[in-house]
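Novice: Give me the fold of what follows.
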Amino acid sequence: MTQSSNNASSCSGTLDVTLSNGVKMPLVAYGHRDGKSLGQRFEAAITAGICHFDTAEVYRGWRELAVLLRERPRTSFFLTAKIDPTMPRTRRRNCKPDGSGCQEIVAQAAHALAEAFGGAPVDLLLLHRPPLSHGGA
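Specialist: Got it, this is the predicted structure:
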């Protein structure tokens, strides 16, 4: 772990880890589940020096976060986003428990999220939940 050397003033002094591709990922992220008072909470996070934001397409408020982040230079924040390959039902039908059919769904969802956040790809993309087998755990 190192102190962030990111040029973004909002990231100065935050702990980060260097990923295998050389990208520095801040270790502390601000996550949200809804859009209630998101603007105020977002500004409080920025003021606290947080520049890593975590969202998911199933969270209410991700679109509001996208609007807030589009107002900032893309290099000033690290974005983690989660997609759910089994939601909505159209994805669930096409993304099978064995993983077949999921790659295209994930790629389309990742592209849609990137567009919503200003066109640049997200920094870290996670699967919010994998497809389950039909009796599944």
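
Novice: can you give me the helices for the protein?
Specialist: Defined through DSSP state H, the helices belonging to the chain, from first to last, are 38-47, 62-70, 89-94, 102-116.

Novice: Now do the first one and helix 62-70, the angle between them.
Specialist: Here helix 38-47 runs at 40 degrees with respect to helix 62-70, directions being taken by axes from the mean of the first three to the mean of the last three CA atoms, to 10 degrees.

Novice: Quick check: buried residues in helix 38-47?
Specialist: For helix 38-47, burial by neighbour count (16 or more other CB atoms under 10 Å) applies to 38, 41-42, 45-46. The C-beta positions use only the backbone N, C-alpha and C, and glycine is treated the same way.

Novice: Now flag whichever of the residues you listed is closest to residue 119.
Specialist: Closest approach between those and residue 119, by CB to CB: residue 42, at 20.1 Å.

Novice: State the distance from the closest one to residue 75.
Specialist: Remark: distance between residue 42 and residue 75 (CB to CB, to the nearest Å) = 18 Å.

Novice: now do residue 54
Specialist: Note on residue 54: its distance to residue 75, by CB to CB, is 18 Å.

Novice: of the buried residues of helix 38-47, closest to residue 83?
Specialist: Compare each of these with residue 83 using CB to CB and the shortest gap goes to residue 38, at 19.9 Å.

Novice: hang on, isn't that closest one packed against residue 65?
Specialist: Yes: under the contact definition of CB atoms under 8 Å, residue 38 touches residue 65, with a separation of 6.4 Å.

Novice: For the two, list the residues in contact with both.
Specialist: Residues within reach of residue 38 and of residue 65 at once, by CB atoms under 8 Å, 6 or more residues apart in numbering, are residue 32.

Novice: Quick check: which ranges of this protein have low pLDDT?
Specialist: Within the chain, the stretches with pLDDT under 70 are 1-13, 88-90, 130-137.

Novice: Tell me which residue is most central in this structure.
Specialist: With distances taken as CA atoms, centre = their mean, residue 81 lies nearest the centre of the chain, 1.8 Å away.

Novice: Ends of stretch 45-62, what's the gap?
Specialist: With CA to CA, to the nearest Å as the measure, the ends of stretch 45-62 fall 16 Å from one another.
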